[in-house]
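*Asks:* With the sequence up front, the predicted model follows.
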Amino acid sequence: MTRPRKALISLADTPYYHITSRCVRRAYLCGVDHYSEQSYEHRRQWVVDRIRLLSSLFAIDVCAYAIMSNHYHLVLKVCPEQLDALSEDDIIERWCALFKGPLLVQNYRSGEDLKPFERAAVSDIAKVWRSRLASISWFMRCLNQPIARQANKEDGCTGKFWESRFNSQALKSEEALLSSMAYVDLNPVRADIEKTPEASEYTSIRERLQSEFDLQRAIDDQISCGDILDFRSELKPLLHFENRTSAQHQAGIPFGFKEYLALVDWTGRIIRSDKRGYIEGDLPPILTRLQISLEQWRINSTQFEAIHRRRFNREPPQLKTG
């Protein structure tokens, strides 16, 4: 028996959630369909672009992601406090980057004079939108529906593209968070698609190591499809790692990035009978494979946010690996 979404997502228990969404009717999200021999590989970028842009509009941080052939994984952190400093106009602008909104809000944004009761109605609408911008359910709706429309249009068909509900798993401990992130980042390795995590395209671990996200292209593609109407936010980076655990407010992932890479590398070497792939045991450690010196690692790990800060009108910088 299915449980109501409010029983599965409780911010009082944890802000971290592992989300999975899967296609129906043997539909291919990405990869090559072995039945029709048609490639849908380009759709992976659709999903990555959408995830990254939505994260920048919502009060939701992305800890990890992996885009597979007929499903994808996300590890998300819900951060409603990110909305506290935003004005009512900021909330309206963010929501209207995704939806046109009612005529009353359109009139307000165009600068028309509103009567007091109309202005009060705009404020009430903004309050609803503020709560939605901290909702995983709305995040997933804004992610899956446009992807389904694009895929159905490309396939020349109608009907459901995704299963009726996305799966949500609360991560109530540091162990659960880290094991879930490692599981997500190792998905291509376990499926025997790639041999190492750093070679696994369309995963968060690859993006953290080789920052190649093209913000302007992503915005242009989404606008051309009518799925992003007017994106003016900064691109929010993936949630950063912190080398400490705080009893107060934990802004980032309570783990060091270097230790996380070692954890993923070690976990990927474990041979599982129910999975096809694993990291070969004779490969050197991941930091050796990436040819990252200790000094460069110190710079990358301590200045991660500065290196990855990407604004609307800037070219995305590259994380140094030499």
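*Replies:* Okay, I see it.

*Asks:* now the strands: where do they sit in this structure?
*Replies:* 16-22, 60-67, 71-78, 167-170, 241-242, 253-254 (DSSP state E).

*Asks:* Okay, now the sheet partners of the fourth one, with direction.
*Replies:* Next to strand 167-170 in the sheet, as set by DSSP bridges, lie strand 16-22 (antiparallel).

*Asks:* Please, where are all the helices along the protein?
*Replies:* Assigned by DSSP state H, the helices in the chain fall at 5-8, 43-57, 88-95, 103-109, 116-132, 136-155, 174-185, 187-190, 204-209, 215-224, 257-268, 286-289, 294-302, 304-308.

*Asks:* Distance to Tyr35 added to the ones you listed, as JSON lines?
*Replies:* Quick note: C-beta positions are derived from backbone N, CA and C, even for glycine. Below are the helices of the chain laid out as JSON lines (distance: least, CB to CB, whole Å):
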{"stretch": "helix 5-8", "distance to Tyr35": "34"}
{"stretch": "helix 43-57", "distance to Tyr35": "17"}
{"stretch": "helix 88-95", "distance to Tyr35": "40"}
{"stretch": "helix 103-109", "distance to Tyr35": "46"}
{"stretch": "helix 116-132", "distance to Tyr35": "39"}
{"stretch": "helix 136-155", "distance to Tyr35": "13"}
{"stretch": "helix 174-185", "distance to Tyr35": "27"}
{"stretch": "helix 187-190", "distance to Tyr35": "21"}
{"stretch": "helix 204-209", "distance to Tyr35": "28"}
{"stretch": "helix 215-224", "distance to Tyr35": "28"}
{"stretch": "helix 257-268", "distance to Tyr35": "30"}
{"stretch": "helix 286-289", "distance to Tyr35": "36"}
{"stretch": "helix 294-302", "distance to Tyr35": "43"}
{"stretch": "helix 304-308", "distance to Tyr35": "40"}
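
*Asks:* want to throw the ones you listed into CSV with mean neighbour count and distance to Thr14?
*Replies:* Shown next, in CSV, are the helices of the chain (neighbours: other CB atoms under 10 Å; distance: least, CB to CB, whole Å):
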stretch, mean neighbour count, distance to Thr14
helix 5-8, 12, 11
helix 43-57, 21, 18
helix 88-95, 18, 25
helix 103-109, 15, 33
helix 116-132, 14, 19
helix 136-155, 18, 12
helix 174-185, 20, 8
helix 187-190, 23, 22
helix 204-209, 22, 19
helix 215-224, 16, 30
helix 257-268, 19, 19
helix 286-289, 16, 28
helix 294-302, 14, 26
helix 304-308, 15, 24
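
*Asks:* Redo those helices as JSON lines? Include distance to Ile67 and mean pLDDT.
*Replies:* Below are these laid out as JSON lines (distance: least, CB to CB, whole Å; pLDDT from 0 to 100):
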{"stretch": "helix 5-8", "distance to Ile67": "23", "mean pLDDT": "58"}
{"stretch": "helix 43-57", "distance to Ile67": "5", "mean pLDDT": "91"}
{"stretch": "helix 88-95", "distance to Ile67": "25", "mean pLDDT": "95"}
{"stretch": "helix 103-109", "distance to Ile67": "34", "mean pLDDT": "94"}
{"stretch": "helix 116-132", "distance to Ile67": "25", "mean pLDDT": "96"}
{"stretch": "helix 136-155", "distance to Ile67": "11", "mean pLDDT": "90"}
{"stretch": "helix 174-185", "distance to Ile67": "10", "mean pLDDT": "89"}
{"stretch": "helix 187-190", "distance to Ile67": "9", "mean pLDDT": "90"}
{"stretch": "helix 204-209", "distance to Ile67": "10", "mean pLDDT": "91"}
{"stretch": "helix 215-224", "distance to Ile67": "14", "mean pLDDT": "77"}
{"stretch": "helix 257-268", "distance to Ile67": "17", "mean pLDDT": "86"}
{"stretch": "helix 286-289", "distance to Ile67": "21", "mean pLDDT": "64"}
{"stretch": "helix 294-302", "distance to Ile67": "24", "mean pLDDT": "51"}
{"stretch": "helix 304-308", "distance to Ile67": "20", "mean pLDDT": "43"}
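
*Asks:* can you tell me which of those helices comes nearest to Phe166?
*Replies:* Proximity to Phe166 (CB to CB) singles out helix 136-155 among these, at 5.1 Å.

*Asks:* What helices and strands are in contact with that closest one?
*Replies:* strand 16-22, helix 43-57, strand 71-78 (3 or more CB pairs under 8 Å, 6 or more residues apart in numbering; DSSP states H and E).

*Asks:* out of the ones you listed, which comes closest to Asp220?
*Replies:* helix 43-57 (10.0 Å).
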